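K.L.:
structure for the following, please:
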Amino acid sequence: MLRGRNPVIAPNRMIVQSWRAKPWKKSHPDSILILLFHKAGRSGQFELIHVGMPDYDYLPIKTGWTKYYWTP
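P.N.:
A predicted model of the protein is given here:
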């Protein structure tokens, strides 16, 4: 289970999310996810930056991005 918020939403440019997984230690700060949107000719591209997750959760989160979002 995840919980978080969107402290910044700049339409057509950027979304910043602050979120955490329920099992993380309360002392661990939220991770930060930044989505940057760019025009690319007649289409677009986006850039994803995700930092601040606990070391022990890095690989599961990385695998989850691929499994649930990037793989058709």
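
K.L.:
quick check: closest non-adjacent residue to residue 17.
P.N.:
Leaving aside its chain neighbours, residue 17 sits nearest to residue 33 (4.3 Å; criterion: C-beta to C-beta, 6 or more residues apart in numbering). All C-beta atoms are positioned from the backbone trio N, CA, C, and that covers glycine.

K.L.:
surely the one you found meets residue 14?
P.N.:
No - at 11.0 Å, residue 33 does not count as touching residue 14 under the criterion of C-beta atoms under 8 Å.

K.L.:
who's more crowded, the two?
P.N.:
Each of residue 33 and residue 14 has its neighbours counted (other C-beta atoms under 10 Å); residue 33 has more, 20 against 14.

K.L.:
per-residue pLDDT, that one?
P.N.:
Predicted confidence (pLDDT) for residue 33: 97.

K.L.:
report the secondary structure state of it.
P.N.:
strand (DSSP: H, G, I helix; E, B strand; the rest coil).

K.L.:
measure it to residue 43 for me?
P.N.:
23 Å (C-beta to C-beta, to the nearest Å).

K.L.:
could you do residue 35 as well?
P.N.:
16 Å.

K.L.:
for residue 59, same thing?
P.N.:
With C-beta to C-beta as the criterion, residue 59 and residue 43 are 31 Å apart.

K.L.:
the more surrounded of the two?
P.N.:
Between residue 59 and residue 43, residue 59 has the larger neighbour count (other C-beta under 10 Å), namely 10 against 6.

K.L.:
in what helix or strand does residue 59 lie?
P.N.:
helix 58-65 (DSSP states H and E).

K.L.:
mind giving me the packing neighbours of that helix?
P.N.:
strand 43-51 (3 or more C-beta pairs under 8 Å, 6 or more residues apart in numbering; DSSP states H and E).
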